[in-house]
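Undergrad: Fold the following and give me the result.
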Amino acid sequence: MKRFFGWWMAVCVVLAGCCGCGRQGLPVPEFPLEAGVVEAALERAGLPWTIAAEESWAEGQTVYTLHDPEGRMVAIVSSTGEPQGRMLRLSFLPSENDPYGVSVSLPAQDWEKAVIFATLLYGGFAEEREVYDAFLATRNEKSAAVQQGEPPSGARKTYEAVTEWKSEIRGTGCAVRIGQPRADAPESDLLLILFCPADQ
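TA: Numbers count the residues shown, from 1 in each chain. Model (predicted):
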């Protein structure tokens with residue numbers, strides 16, 4: 001009886017291990033993204049934003065403008081599918097004062113939620129924190145300076161420097177771009193999150 005019980009426990013342990021190995025990661029939504037997918041990812045990431053506008057600038061592409069609860073634009077989500085290939089671009093606004101009050105930059109405490117939001121939208125990762133955790137762990141060693149365009153005549157640069165973190169995770173090229181502030185600016189800005197196939 002003890003031998004049978006021991007054999008049965010061994011089978012249960014092996015089966016439990018196999019079930020764990022077969023665990024699937026985040027689902028991969030159809031691209032270009034539909035509004036319902038964007039809304040579901042916003043809710044799961046804990047972001048109180050809403051879709052204010054939907055556009056398509058080219059076939060196989062959707063562009064969504066996202067607003068905060070006060071109605072100010074906070075981000076733009078652009079996604080492309082075939083024939084261009086699956087790509088997600090999440091762009092944020094700089095912290096320069098908006099004289100019209102129609103836009104707002106993303107507070108640093110929401111960067112984690114923003115990266116999780118993008119991770120959920122793109123799908124295919126092991127879990128929703130995978131990209132953010134990799135960004136935190138390797139930000140200093142995998143970031144490089146990005147060339148800034150020259151400001152218009154008489155204007156000053158928005159940032160002292162712009163850096164971009166790049167990494168390949170599960171066959172996906174991931175990039176996070178950050179604007180480093182001038183001495184008179186309050187904090188860094190999250191400018192861009194980009195996901196696309198690593199071979200693009």
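
Undergrad: from here on, contacts and neighbour counts on C-alpha atoms
TA: Noted.

Undergrad: just the helices in the protein please.
TA: When secondary structure is read from DSSP state H, the chain shows helices at 2-21, 35-45, 111-122, 130-138.

Undergrad: Do me a favour and average the pLDDT over the third one.
TA: Predicted confidence along helix 111-122 averages 98 (mean pLDDT).

Undergrad: For stretch 168-181, buried residues please.
TA: Applying a neighbour-count criterion of 16 or more other Cα atoms under 10 Å, the buried positions in stretch 168-181 are 168-169, 172-181.

Undergrad: export those to a markdown table and tack on distance to residue 83 and pLDDT?
TA: Converted to a markdown table, those look like this (distance: Cα to Cα, whole Å; pLDDT from 0 to 100):
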| residue | distance to residue 83 | pLDDT |
| --- | --- | --- |
| 168 | 22 | 97 |
| 169 | 23 | 97 |
| 172 | 18 | 96 |
| 173 | 18 | 96 |
| 174 | 20 | 97 |
| 175 | 22 | 97 |
| 176 | 25 | 97 |
| 177 | 26 | 94 |
| 178 | 30 | 92 |
| 179 | 32 | 88 |
| 180 | 35 | 82 |
| 181 | 38 | 76 |
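
Undergrad: So which of these is the closest to residue 24?
TA: Using Cα to Cα, residue 169 comes nearest to residue 24 of the buried residues of stretch 168-181, at 15.6 Å.

Undergrad: so what's that closest one up against?
TA: 125, 131 (Cα atoms under 8 Å, 6 or more residues apart in numbering).

Undergrad: Ok, residue 44 next?
TA: By Cα under 8 Å, 6+ apart, residue 44 lies in contact with residue 117.

Undergrad: Check residue 120 too.
TA: 26, 41, 128.

Undergrad: ok, 6 Å please
TA: Neighbouring residues of residue 120 by Cα atoms under 6 Å, 6 or more residues apart in numbering: residue 41.

Undergrad: now do residue 144
TA: Residue 144 touches 163-164, counting by Cα under 6 Å, 6+ apart.

Undergrad: per-residue confidence for it?
TA: 90.

Undergrad: number of nearby residues for residue 147?
TA: For residue 147, the tally of surrounding residues (other Cα atoms under 10 Å) stands at 9.

Undergrad: now residue 109
TA: Residues lying near residue 109 (other Cα under 10 Å) number 8.

Undergrad: what does residue 89 give?
TA: That count, for residue 89 with other Cα under 10 Å as the rule, works out to 19.

Undergrad: For it, which residues are in contact?
TA: Going by Cα under 6 Å, 6+ apart, residue 89 touches 77-78, 193-194.

Undergrad: now, among those, which is nearest to residue 110?
TA: Out of the contacts of residue 89, the member with the shortest distance to residue 110 (by Cα to Cα) is residue 193, at 13.3 Å.

Undergrad: State the distance from the closest one to residue 133.
TA: Applying Cα to Cα, to the nearest Å, the value for residue 193 to residue 133 is 14 Å.
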